[in-house]
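Participant: Fold the stuff below for me.
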Amino acid sequence: EQRQLEVRGSKLEEKDKNTFLLPTSNFQPSTTSNLEPPTSNISDDTATFKYGDLIYHVKDLKNTNKNSLKIILKLTHKDSHFTDRTDLHSAKARRSFSNQASERLSLQSAQVEEHLEAMMEELETQSSVVSRSSLVKKEEMNEEEKQEAFTLLKDPNH
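Facilitator: Okay, the predicted model is just below:
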């Protein structure tokens, strides 16, 4: 007599008394990422990433730095949305956001987590571009401009 075990809607066949087999028709390993590049728009404090009908709105980018990507993230799917504060540098936080959002919006958690990782990489790239541009040498004042500035600094009426 062969026993069956049902786990999350899938019936598992018994191999022996301690081992059950997953049905082969449901198992499709992913060998490569088929993530399409998102449509994105990034500004100083906000960003928007669109993956098909999933739209991620990122807020609070001004409070991030090279060690922290703590943001407010809103995922919109059709007429529903899920919003939470999360840190994209934290795998645990990304997993938590993707699990909660996928449950609320009836999405696949792995897909949401893959999007978050791609967004993290894009935001890091943008951040490093901004950081490098701020390192560009500023134009120095000529002697006349320096004298004028010192005169203004020494003037007690200013």
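Participant: Tell me the helices and strands packed up against whichever strand or helix holds residue 150.
Facilitator: If you go by DSSP states H and E, residue 150 is part of helix 143-154. Applying 3 or more Cβ pairs under 8 Å, 6 or more residues apart in numbering; DSSP states H and E, we find helix 143-154 packed against no helix or strand. Quick note: C-beta positions are derived from backbone N, CA and C, even for glycine.
Participant: Extract the C-alpha set from that helix and format it as CSV.
Facilitator: Output in CSV follows, covering the C-alpha atoms of helix 143-154 (Å, rounded to 0.1, in the frame of the first residue of the first chain):
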residue,chain,number,x,y,z
GLU,A,143,43.5,86.5,-6.5
GLU,A,144,41.0,89.3,-7.2
GLU,A,145,38.1,87.1,-6.0
LYS,A,146,40.0,86.1,-2.9
GLN,A,147,40.8,89.7,-2.0
GLU,A,148,37.1,90.7,-2.4
ALA,A,149,36.0,87.7,-0.2
PHE,A,150,38.5,88.7,2.5
THR,A,151,37.3,92.3,2.4
LEU,A,152,33.7,91.2,2.9
LEU,A,153,34.7,88.9,5.8
LYS,A,154,36.6,91.7,7.5
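Participant: The residue lying closest to residue 61 once chain neighbours are set aside - how many residues pack around it?
Facilitator: Sequence neighbours aside, residue 45 is the residue nearest to residue 61 in space, at 5.1 Å (criterion: Cβ to Cβ, 6 or more residues apart in numbering). Other residues lying near residue 45 total 12 when counted by other Cβ atoms under 10 Å.
Participant: roughly how far apart are residue 45 and residue 141?
Facilitator: Summarising the geometry, the distance separating residue 45 from residue 141, computed by Cβ to Cβ, to the nearest Å, is 31 Å.
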